[in-house]
Every structure is written in structure tokens, then in C-alpha cells.
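J.: Give me coordinates for this.
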Amino acid sequence: MKNRALKRLIYSLSVLVILLSYFPGTSYGSIKTDTILNNGGFKIKTIIVDPGHGGKPTGTGHFSHGASGSFSQERNVTLAIALKLQKAIEKDMAGVNAVLTRSTEDDVSFERRAEIANENKGNVFVSIHCNSLSDRRVREQVGTKHHKAVYRTVTVPDRSGRGVLLLIYGLHRSKEEEKTIVHNQVEEDSGMDAGLDPDDPVTVILTNEYKRKFRQQSIKLATLINNEFTETDGRQSEGLREQGIYVLCHTAMPSVLVETGYINNPKDEEYLNSEDGQNEIVNSIVRALLNYKAAVEQVAQ
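T.: Sure, this is the predicted structure:
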């Protein structure tokens, strides 16, 4: 009871400072809400590593087998990279625990992946994927009839995609992100398990602050990863994009999906399946995470 009362006191004081910061006429107007929400001395302790897709579905929910190349499957490549990434994070990032959403070939539903991230109180969510382009429909001439060309429409693979792509959640799914934040962040801050009114002004303010912070930090991390790929590894990149991906808007933390390459492009597929390629991808992500960690922890001091 004492712990809960203390949590509520801290919560109330934090809310008071946030509310006062919205009125520039007061002496509290210069206090940064990022500092408040980081509670000072914030440290990244847990990074969630999500190997996209999988083989045999386990449990209930939504699943996807992922893309295929000429000799490999996305689900196998992502697992291989994720296992290497987990080891590298725990080796190179002192005091940081890396949690996998799956560690075997079996698939895990989109819903369960988000639950694993939130249950483990992740500070960062990194989802590993391989990109692919859909087949193209083209017309080809198959002969002539009455001195006129005869055509048919055929489907051919589109192997023109090349390089990396970084994704953050699409704003059209903001309501889902807000609900996740209320349940996994604001309720915990207040000490009121499932007892908050999501329409209460205080809850709305805190939720919006978390949403703003997580979005800014997602963009920051995605930018750092993209820079490592392009500037250090010399890889081609399609940059950053928004996309309505379930796991990105149902994880209450900064979240980034990394499309590591086009598995249906022959050169990218060779790279994605090679030890050198996978190690290069992992090293670039770890460097970006180290830079991100240093930046957000400095803000919190």
C-alpha cells in the first residue's frame, strides 16, 4: 500500500508539473516534459529484438510466412540476423538485456510479439525483416493474326528492388498506439491498474506526451540505423517511411522495423544469407543503438 501511495504521489506531482508547463506565465514553463517522463537517470535496460515472420504458427492470432527469394526464406534470414543481434547487444552494450520475440523457426503471432515486448518492459523495439516486390504484369506479343499483333498478359518477377528501408508506425493507427500507451505506461505510472479513464484530461496529456516522445525517438533511431547502413556500409537505402504495421503501434516504446534488403533481388539475397552480410547488418544496428542510447540517456540526466 505504501508503494502504491508513493507512486500516486509521484504521478500527481509529475502531472502537476506537466500541466504548469503548459502555462508560460509560470516559473515552471521551462521544464521539459521529456525530462519528466524519463524521470531523471533513465537507462536503456531492455531491447526487444523481433525476428519477422516464422514457420509453423503457435497459438492464436495473425501470422505471415513472409517473403521468399530464389533459394531462401525471409523467416530463416530474419531469425539468423536476430540471434546474432541479440548476442552482439549483450556483448557490446553493458547492462542491456536483449529479448527475442521468437528464438525458433516456429512463428509467433503479431499480437503475441507486441505482448512480449510490453511484458518485458522494453525500452526499444527493433523488428528485423526482408523486403520483396510483388510480381509485375506485362504484355508480350505471342504472334500475329490478320496482320495484327496478338498479345497476352503474363506475370513476371520484379527483382528491381535493392537496399534497406526503415519503417515507423503510420499515424493513421495513432488510436491503437494511444491505447497501448495508456495500458502499459500511464497506468503503471499512476499505480492504478486498469483504473484510469482514457478520456480524463490528465490521462490524455500524459498519453500524448509519451506518444510524442516515442515517435520522436523512433524517428531518431531509424535515422541512426539508416545512416550506419548508408554511410558506413555503403548500402543503397529507400530512407524512412510510415507504415501501418501492427507490432509498431502496439508496442509502448520507440519502435523501428528494419527491412534489411530485398530477398527477391539476387544480389541482396546473396548478401542477406552470407555471414559477412549478416554480421555487417548486425554491427550497423548495434552502432546505431549505442549512439541512440548515449543520446537519450544524456537527455535524462
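
J.: hey, let's count contacts and neighbours off CA atoms from now on
T.: Noted.

J.: Find the centremost residue of the protein, please.
T.: Geometric centre of the chain, nearest residue: Val256, 2.5 Å, by CA atoms, centre = their mean.

J.: Am I right that it falls within a strand?
T.: Yes: with DSSP: H, G, I helix; E, B strand; the rest coil as the criterion, Val256 is part of a strand.

J.: Tell me how far it lies from Glu270.
T.: As for Val256, its distance to Glu270 is 24 Å (criterion: CA to CA, to the nearest Å).

J.: Over to Ile47?
T.: Distance from Ile47 to Glu270, by CA to CA: 28 Å.

J.: Have a look at those two and say which one is more surrounded.
T.: Ile47 (24 against 17; other CA atoms under 10 Å).

J.: my read is the more buried one is in a strand, agree?
T.: Yes: assessed with three-state DSSP, Ile47 lies in a strand.

J.: So that it lines up with my notes, have the first residue be 59 from now on.
T.: Right, with 59 as the first residue, what we last looked at is Ile105.

J.: quick one: contacts for it?
T.: 154-157, 180-184 (CA atoms under 8 Å, 6 or more residues apart in numbering).

J.: Let's see which of those residues end up in strands.
T.: Among those, DSSP state E puts 155-157, 182-184 in strands.

J.: Weed out the non-buried ones from those.
T.: 155-157, 182-184 (16 or more other CA atoms under 10 Å).

J.: which one of these is nearest Asn134?
T.: Set against Asn134, the nearest of those by CA to CA is Val184 (16.9 Å).

J.: Thr318 is in contact with that closest one, correct?
T.: No: Val184 is not in contact with Thr318 according to CA atoms under 8 Å; the separation is 11.8 Å.

J.: export the contacts of Ile105 to a markdown table and tack on pLDDT and distance to Ile139?
T.: Formatted as a markdown table, the contacts of Ile105 follow (pLDDT from 0 to 100; distance: CA to CA, whole Å):
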| residue | pLDDT | distance to Ile139 |
| --- | --- | --- |
| Val154 | 98 | 18 |
| Asn155 | 98 | 17 |
| Ala156 | 98 | 13 |
| Val157 | 98 | 14 |
| Gly180 | 97 | 19 |
| Asn181 | 97 | 20 |
| Val182 | 98 | 17 |
| Phe183 | 98 | 15 |
| Val184 | 98 | 12 |
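
J.: what does stretch 306-317 contact?
T.: Stretch 306-317 is contacted from outside by 172-173, 175-176, 180-189, 222-228, 231-232, 234-235, 238-239, 242-243, 272-273, 275-276, 279-280, using CA under 8 Å, 6+ apart.

J.: before we move on, back to that, tell me which of the contacts of Ile105 is nearest to Gly110?
T.: Among the contacts of Ile105, Val184 lies closest to Gly110 (CA to CA), at 10.0 Å.

J.: who touches the closest one in this structure?
T.: By CA under 8 Å, 6+ apart, Val184 lies in contact with 105-108, 313-316.

J.: now do 7 Å
T.: Going by CA atoms under 7 Å, 6 or more residues apart in numbering, Val184 touches 106-108, 313-315.

J.: out of those residues, who's nearest Asp334?
T.: Of those, the one sitting nearest to Asp334 (CA to CA) turns out to be Val107, at 20.1 Å.

J.: if I look at the closest one, how far off is Ser232?
T.: 23 Å.

J.: which one of these two has more residues nearby?
T.: Val107 (26 against 15).

J.: which ones among the contacts of stretch 306-317 are found in strands?
T.: Short answer: the contacts of stretch 306-317 in strands (DSSP E) are 182-189, 222-227.

J.: which residues touch Arg299?
T.: By CA under 7 Å, 6+ apart, Arg299 lies in contact with 224-226.

J.: and it, what pLDDT?
T.: Here the pLDDT value assigned to Arg299 is 97.

J.: May I have the phi/psi pair for it?
T.: Arg299 has phi and psi values of phi -140, psi 160 when expressed as degrees, to the nearest 10.

J.: For it, give the beta-bridge partners.
T.: With DSSP bridges as the criterion, Arg299 is bridged to Leu225.

J.: quick one: which helix or strand includes the residue lying closest to Val262 once chain neighbours are set aside?
T.: Ranked by CA to CA, 6 or more residues apart in numbering and with sequence neighbours excluded, the top spatial neighbour of Val262 is Pro256, at 6.6 Å. For Pro256, there is no host helix or strand (DSSP states H and E).
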